[in-house]
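Undergrad: for reference, the sequence and a predicted model appear below.
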Amino acid sequence: MNNLTTNNTIAYIMAGRRQRSRRYWGVTTVLAVISLLLCFLMLYFGNTIYSIDKIARVLGGEQIKGATFAIHTIRLPRMLAGLFAGFAFGVAGHIFQTMLRNPLANPNVLGITTGSSAAAVYCIVILHTSEAVVSVVSVAAGLVTVTLLYLLSRRRAFSIGRLILVGIGLDAMLSSVITYLLQKSASQDVPAAFRWLSGSLNGSKLEELPPLVITVLVLAPIILLLGKHLSLLELGEQSASSLGIHTDRTRIALILCSVCMIAMATATTGPIAFVSFLAGPIARRLVGVGHTNIIPAGLVGVILVLAADLIGQFAFETRFPVGVITGILGAPYLIFLLIRMNRKGDF
């Protein structure tokens, strides 16, 4: 009887694991297909709509009057910027939320993105540096912001609620720094800075994308490799350590990779609002528990950015930057989370 009960239990567990695995790969496949469809629509739609054959010929290197400039110079860089920045925002946000076990613990709310933005604005409107310098300074500023956030929120014991409150305050302070820089900058530099701060794919150029593409392609596999420990880190410090996980090294490596990705994305497209905030919870709701959801979160980030950009370009009489559309989606969810966490006493 005991053997029969044990066999039934094992069979039940294995069936549940197979079901979760099928759901994970099914949802991931659907998200990937939607991402590819949106990539195609980014190349297809514009002031002039070109045939699929003409788009393929331009992407293959053929020079076609009018189409080559529209597709290769304007639409392709815009699509690639949205693709890689959306993936970076989605993955980084999911890492922070999972590792700190709180949906508010993401780079947007904690001030990390704002730190990178403040450094980038300083380079743009005060120093007038190149894109390469802006990228390097943004990454460095993101790392400095994370360090400052940790030092300010650390007391005798680590508290996620304290970390979030300090992050919100840090975000407000850095936003004030950005406002001060804009007031002190030359009037001709302000419009460009505002376009960048709103989070936009406008003006993306192929020659400016390699740093972002290389960063994502190099760091994403590292995050995936370390991501198998995320579920263990969710159990808490003591439980993860007892299972043989070097928690400090794993956490530091994940934070460094995530900050580098999101800082580079911010330097390229500006701080696209709430993508890192929304991607993880949406992926978790679609896939369920039992997986790290890193790839689904990245794909959800891609979908949010590309879909929001298409909506901002073509759904209204006036064209809006992608960050405005994602901000409209994310702000109500942020308010809802703040109210719910306050009622639960998480602060």
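TA: Sure thing, it's come through.

Undergrad: use CA for all of it now, contacts and neighbours both
TA: Fine.

Undergrad: number of residues surrounding K54?
TA: 15 (other Cα atoms under 10 Å).

Undergrad: could you pull out the helices in the stretch 101-250 of the chain for me?
TA: 112-121, 131-153, 160-184, 190-197, 210-227, 230-233, 237-242, 247-269 (DSSP state H, counting those that start in this stretch).

Undergrad: any residues touching the fourth one, and which ones?
TA: Spelled out, it's helix 190-197. Contact with helix 190-197 is made by 117, 121, 124-125, 182, 269-271, 321, as judged by Cα atoms under 8 Å, 6 or more residues apart in numbering.

Undergrad: let's see it at 6 Å
TA: Around helix 190-197, the neighbours that count as contacts under Cα atoms under 6 Å, 6 or more residues apart in numbering are G270.

Undergrad: hmm, back to that, can you put the helices of the stretch 101-250 of the chain in TSV and add distance to G288, mean pLDDT and mean neighbour count?
TA: Shown next, in TSV, are these (distance: least, Cα to Cα, whole Å; pLDDT from 0 to 100; neighbours: other Cα atoms under 10 Å):
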stretch	distance to G288	mean pLDDT	mean neighbour count
helix 112-121	28	86	29
helix 131-153	29	82	20
helix 160-184	23	84	18
helix 190-197	34	75	18
helix 210-227	16	91	17
helix 230-233	13	66	20
helix 237-242	21	58	13
helix 247-269	22	83	23
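
Undergrad: quick one: closest of those helices to S21.
TA: Among those, the nearest to S21 by Cα to Cα is helix 230-233 (15.6 Å).

Undergrad: out of the helices of the stretch 101-250 of the chain, flag the one nearest Q313.
TA: helix 190-197 (14.5 Å).

Undergrad: can you lay out the helices of the stretch 101-250 of the chain as JSON lines showing distance to L304?
TA: Shown next, in JSON lines, are these (distance: least, Cα to Cα, whole Å):
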{"stretch": "helix 112-121", "distance to L304": "18"}
{"stretch": "helix 131-153", "distance to L304": "23"}
{"stretch": "helix 160-184", "distance to L304": "23"}
{"stretch": "helix 190-197", "distance to L304": "18"}
{"stretch": "helix 210-227", "distance to L304": "18"}
{"stretch": "helix 230-233", "distance to L304": "24"}
{"stretch": "helix 237-242", "distance to L304": "33"}
{"stretch": "helix 247-269", "distance to L304": "14"}
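
Undergrad: out of these, which is closest to F87?
TA: helix 210-227 (8.1 Å).

Undergrad: roughly how far apart are L224 and H94?
TA: Distance, L224 to H94, using Cα to Cα, to the nearest Å: 12 Å.
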